[in-house]
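Participant: Sequence and predicted structure are below.
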Amino acid sequence: MSFMSEFREFAVKGNVVDLAVGVIIGGAFGKIVDSVVNDLIMPLVGLIFGKLDFSNLFLVLGTAPEGIPHTLDALRKAGVPVFAYGNFITVAVNFIILAFIIFLMVKQINRLKREAPAEAPAPAAPAEDIVLLREIRDSLKR
């Protein structure tokens, strides 16, 4: 079997299509989780900790030029090295939520797989010659 025919068989079996669908759905799902974290959860966490905005928690590691606003985006655009630990906290919360949701989904799928009993195929009827041999055996035992 040639390399191209093996690849064609692999691609047609659905492995590549399943992988592509998973990546696309995962990317879209990641954007939803990003929005939940950035727009819903982190503002509430910031409110609990005294109106703290995690996106603006950083330490300037270099010297900032005069006239640049002291915001994370402005400092990054100016090329000033910053230690953006607030952004890291946000990404870490995002990861924890995403991992927890995926865990719940996998757990539910596994539970559904266990609950669905696999129907065993009915045993095939024995061949006619075997039936005749059993009848002969049973008649000899009498």
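Facilitator: Yes, it's here. Numbering: from 1, shown residues only.
Participant: all contacts plus neighbour counts: C-alpha atoms, from now on.
Facilitator: OK.
Participant: helices or strands next to the host helix or strand of V23 in the packing?
Facilitator: In this structure, V23 sits in helix 15-35 according to DSSP states H and E. Under the contact criterion of 3 or more C-alpha pairs under 8 Å, 6 or more residues apart in numbering; DSSP states H and E, helix 15-35 touches helix 85-115.
Participant: any weak-confidence spans in the protein?
Facilitator: Residues of the chain meeting the criterion pLDDT under 70: 1, 14-15, 116-119.
Participant: how close does the most centrally placed residue in it get to I96?
Facilitator: Nearest residue to the geometric centre of the chain (C-alpha atoms, centre = their mean): I102, 5.3 Å. I102 sits 10 Å away from I96, going by C-alpha to C-alpha, to the nearest Å.
Participant: Same question for I68.
Facilitator: Taking C-alpha to C-alpha, one finds I68 at 34 Å from I96.
Participant: And Y85, by the same measure?
Facilitator: 16 Å.
Participant: who's more crowded, these two?
Facilitator: Using other C-alpha atoms under 10 Å as the criterion, Y85 and I96 rank with Y85 on top: 15 against 11.
Participant: For that one, which non-adjacent residue is closest in space?
Facilitator: F58 (5.7 Å; C-alpha to C-alpha, 6 or more residues apart in numbering).
Participant: Look at L40 and say how many residues are nearby.
Facilitator: Neighbours of L40 using other C-alpha under 10 Å come to 12.
Participant: can I assume it sits in a helix?
Facilitator: Yes: assessed by DSSP: H, G, I helix; E, B strand; the rest coil, L40 belongs to a helix.
Participant: which ones are touching it?
Facilitator: By C-alpha atoms under 8 Å, 6 or more residues apart in numbering, the contact list for L40 is empty.
Participant: just the one 5 residues further on next, same as before
Facilitator: Shown here is V45, whose contacts under the criterion C-alpha under 8 Å, 6+ apart are L52.
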